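In: What shape does this take:
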Amino acid sequence: MMKMSAIALAAVIVTAPLSAIAVEEKKPSAFEQLDSNSDGKISVTEAKHTVPLIHQFEQLDVNKDGYLTEAEFSLLQVTSEKHARFFPKSNVFTL
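Out: So this is what the prediction gives:
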């Protein structure tokens, strides 16, 4: 009985640190946050509450299909990062 308790205690000591490690959840990207139906593209409806995106939606929609792919959306992010470097106090699109 004593041997069994010692083994159980050892098992708890060995596995306790593993259970204490917080599993860090991956935060959704800006694209994933805007793609509310998870179809891999952003529609005008999904973008309507994001003013900087709506203002540039037509320009970003390179293939003019009415949706932004992740590649098309990334054009906005590059533009915003450059804009942020030159105008650090202005409003920059972030989520």
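In: what ranges do the helices span in the protein?
Out: Per DSSP state H, the chain carries helices over the ranges 2-20, 30-34, 44-47, 51-60, 70-86.
In: weakest of those helices in terms of mean pLDDT?
Out: Among those, helix 2-20 has the lowest mean pLDDT, at a mean of 52.
In: Provide a list of residues in contact with Asp35.
Out: Going by CB atoms under 8 Å, 6 or more residues apart in numbering, Asp35 touches Lys41, Ile42, Glu46. (Glycine included, C-beta is placed from N, CA and C.)
In: List buried members of these by neighbour count.
Out: Neighbour counting over these (16 or more other CB atoms under 10 Å) leaves Lys41, Ile42, Glu46 as the buried ones.
In: Skipping adjacent residues, who's closest to Asn37 in space?
Out: Closest residue to Asn37 apart from its sequence neighbours, by CB to CB, 6 or more residues apart in numbering: Glu46 at 7.4 Å.
In: Oops, could you answer that again for Ile42 instead?
Out: Leu68 (4.3 Å).
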